[in-house]
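**Q** Make a model of this:
(2 chains)
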Amino acid sequence: MGKTLAEKILSTKSGTDAHAGDIVISQVDLAFVHDTTGPLTLRIFEESGFNKLADPSRAIMFLDHAAPSPIRPLSNDHLFMRRFAKEKGAHIYEVGDGICHQLVAENFANPGDVIVGSDSHTVTGGALGAFATGMGSSDIAVAMALGKTWLRVPESYLFYLSSAFPKGVYAKDLILNIIGRIGADGATYKSMEFGGEALQNMPVSQRLTISNMAVEAGGKVGLFPSDSSTREFLKSEGRGDNYQSLYADADASYEKVISLNLGQLSPTVSCPHTVDNTLPVNEVKGVKVNQAFIGTCTNGRLDSIAIVAAILKNRKRHSSTRLLIAPASRKVLLQAIEQGYISTLIEAGAIILPPGCAACLGLHQGVLADGEVCISTANRNFKGRMGNPEAMVYLASPATAAASAITGEITDPREFL
Amino acid sequence: MSKGLFTGSAIKLGDGISTDHIIPGRFAYLRSNLPELAKHVLEDTLPDFNSRAKKGDILVGGNNFGLGSSREHAPVVIKMAGISVILVKSVARIFFRNAINQGMPVLLCDTDKINDGDELEVNLTESKVTDHSSGVVLNTSKMPPLMSTIVAEGGLISYIQNHKDFVLE
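**A** Just a heads-up that it's a prediction; the model follows:
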């Protein structure tokens, strides 16, 4: 019987003939931490008596959640992480370099890799055909020390995608739609695998948005096959040689197959206070918006900024709506500057934030006031997520967020396209 | 008390308790000061949780407990409040794994049958919960073998210090 993507990758990395349900010990190609889960990880590492990293080139630190740090204890956390990295010979990305998941996609993830990170959105790497999953500090400390981890091979769901996105509808709308349909626990412990003809016109940047939110349906991983789009992306990032074709077998066994016609989708929004509380944008039109936040590992790439700049060109943000733009990496910011998008956005009244997680976590750079509403391109909207339990967060595509920033209320982006 | 037997009072929560509910992101600057961080456990959801919770209490939740972030601080601050075991209808996978790594068992059962404040006895070996307040006896899930061993040995780090590697049975 054929294998799913999850079974194929874990068979190779464990050196066994692995099937869904098996427990395997897998080689780890990359283990990483960032600044709000890293300190605990590194302390556990030191207190456990581990002396060195299994492979310093495969253990990376990122300073992205507090970038730059707004408060002394986090600054001291950064100091600790820099010291650890220097002592152990690991690479550390500095504040302003960008969000960990974006940098992993730009610089590290390869098809067939096993990637673990102390962040739930590590699943983002699945867009490049890597078995990428989030774990806690203890697990990552052990993975960094031993170069391996234990995994239960997940059962797989196949999301069979056909047709193409209509105008004004994007990858974010697709994944919000999926999560709304199956629920926040609809794919718990499963490998969410994507296939179908729609992938032929789906560049990696869109796949990153989709994989990024697999965990919001409970998914263990969000896997795309590795195909010509993957090869193109890897080449553009200077890793073309790491390309390998990777598909599920035609006779692989899926626990569920869910078919989606992209042509039938419309702009979708997650309403407060859960990701799966989705509605078509037209059912929440008119909700006043105090802040529009565009960026994050979900939607902080050049293609999102381009869409937002196109909508905002020669227009201004609504006077009562703050507009925050946080490019996902230094590279994205530079490209956006070169393309003229940043000038356009500043002229529209946007605030350009440093490459990093920015307002997503509620730590800095856009904490909401009591009763305020934010429309955000991030991946979570739990109560208190953006720093204030008395505020409301709606999740949407960059286009929907941009349109809403102009009118000052939740707006269908197709009115501006 | 014998190993694998837990007795305590139930502190009951509803469905969908996320890691943002357990330990909100706005307190992330306290993550390197665990005693300070622990003061804010479930602050927005059950404001008197910290004053109520005593050593040995049992946290009872509904569906999809622990959904969201991989922050291990979530089970850590629950453990620091004195909670010994968590009973839920269903659990999000990263939280489950993190709780196990902290040596805290998470068991699935029909928690609708447990009321806030009930006196419970959880038997890990027999996969059973006895609610002494209502008289109800519930069957619970059994953790996979490797996870049971990790919990029995006090968490992942103890396990690795004992075995130096992962040992599959």
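**Q** Can you give the distance of the biggest strand by length in chain B from its chain's centre?
**A** Counting residues, the longest strand found in chain B (DSSP state E) is strand B:5-12. Centre-to-centre, strand B:5-12 and its host chain are 11 Å apart (CA atoms, centre = their mean, to the nearest Å).
**Q** what do you get for stretch A:300-319?
**A** 20 Å.
**Q** Repeat that for stretch B:145-157.
**A** Counting by CA atoms, centre = their mean, stretch B:145-157 is centred 14 Å from the centre of its parent chain.
**Q** mind listing what's buried in that stretch?
**A** Using 16 or more other CB atoms under 10 Å in any protein chain shown as the test for burial, stretch B:145-157 gives B:L146, B:M147, B:S148, B:T149, B:I150, B:V151, B:A152, B:E153, B:G155, B:L156, B:I157. The way it works is simple: take the backbone N, C-alpha and C, and place the C-beta from them, glycine included.
**Q** circling back to that earlier point, counting by contacts, list what the longest strand of chain B packs against.
**A** Contacts defined by 3 or more CB pairs under 8 Å, 6 or more residues apart in numbering or on different chains; DSSP states H and E place strand B:5-12 against strand B:58-60, strand B:85-88, strand B:119-123.
**Q** Between those, which one is closest to A:G238.
**A** Closest approach to A:G238 among those (CB to CB): strand B:85-88, 45.8 Å.
**Q** where's that closest one relative to the chain centroid, distance-wise?
**A** A distance of 5 Å separates the centroid of the chain from that of strand B:85-88, by CA atoms, centre = their mean.
**Q** C-terminal to it, which secondary structure element comes first?
**A** Moving toward the C-terminus from strand B:85-88, the next helix or strand (DSSP states H and E) is helix B:93-101.
**Q** So, low pLDDT: which residues of chain B?
**A** B:1-2 (pLDDT under 70).
**Q** Pretty sure A:S226 is one of the things A:S245 touches, is it not?
**A** Yes: if you go by CB atoms under 8 Å, A:S245 and A:S226 touch, sitting 6.0 Å apart.
**Q** Spit out the residues that contact those two alike.
**A** By CB atoms under 8 Å, 6 or more residues apart in numbering or on different chains, A:S245 and A:S226 have these common neighbours: A:P111.
**Q** can you map out the helices along the stretch 151-300 of chain A?
**A** Using DSSP state H, counting those that start in this stretch, the helices of the stretch 151-300 of chain A run over A:171-182, A:204-212, A:228-236, A:296-299.
**Q** Quick one: distance of the first one to the chain centre.
**A** Between the centre of helix A:171-182 and the centre of its chain there are 14 Å (CA atoms, centre = their mean).
**Q** still on that earlier bit, which one, of the helices of the stretch 151-300 of chain A, ends up nearest to chain B?
**A** Proximity of those to chain B was assessed by CB to the nearest CB; the nearest stretch is helix A:171-182, lying at 11.5 Å.
**Q** and that closest one, average pLDDT?
**A** Taken as a whole, helix A:171-182 has an average pLDDT of 98.
**Q** Going by neighbour count, which residues of that helix are buried?
**A** Buried, per 16+ other CB under 10 Å, within helix A:171-182: A:A171, A:K172, A:D173, A:L174, A:I175, A:L176, A:N177, A:I178, A:I179, A:G180, A:I182.
**Q** backbone phi and psi for A:Y247, please?
**A** The phi and psi values for A:Y247, taken as degrees, to the nearest 10, are phi -130, psi 150.
**Q** check contacts around the closest residue to chain B within the stretch 1-150 of chain A.
**A** Here the stretch 1-150 of chain A gets closest to chain B at one residue, A:G136, 3.4 Å apart by CB to the nearest CB. With contact taken as CB under 8 Å, 6+ apart, A:G136 is in contact with A:T37, A:S118, B:S70, B:R71, B:E72, B:P75, B:I94, B:R97, B:N98, B:N101.
**Q** and if we set it to 6 Å?
**A** Neighbouring residues of A:G136 by CB atoms under 6 Å, 6 or more residues apart in numbering or on different chains: B:S70, B:E72, B:N98.
**Q** average model confidence for stretch A:273-292?
**A** Across stretch A:273-292, pLDDT averages out at 97.
**Q** That one near chain B anywhere?
**A** No: for stretch A:273-292, no contact with chain B is found by CB under 6 Å from any CB of the partner chain; the gap never falls below 6.5 Å.
**Q** In that stretch, which residues are buried?
**A** In stretch A:273-292, counting by 16+ other CB under 10 Å, buried: A:273-278, A:280-281, A:284, A:287, A:289-292.
**Q** Redo the contacts of A:G136 as JSON lines? Include distance to A:S163 and neighbour count.
**A** As requested, the contacts of A:G136 are exported to JSON lines (distance: CB to CB, whole Å; neighbours: other CB atoms under 10 Å in any protein chain shown):
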{"residue": "B:S70", "distance to A:S163": "34", "neighbour count": "29"}
{"residue": "B:E72", "distance to A:S163": "42", "neighbour count": "30"}
{"residue": "B:N98", "distance to A:S163": "40", "neighbour count": "28"}
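**Q** quick revisit: quick one: which two of the buried residues of stretch B:145-157 are the most distant?
**A** Farthest-apart pair in those is B:S148 and B:I157; separation 16.7 Å (CB to CB).
**Q** hang on, the earlier thing: what about chain B: which of the buried residues of helix A:171-182 touch it?
**A** When CB under 6 Å from any CB is applied, no member of the buried residues of helix A:171-182 is adjacent to chain B.
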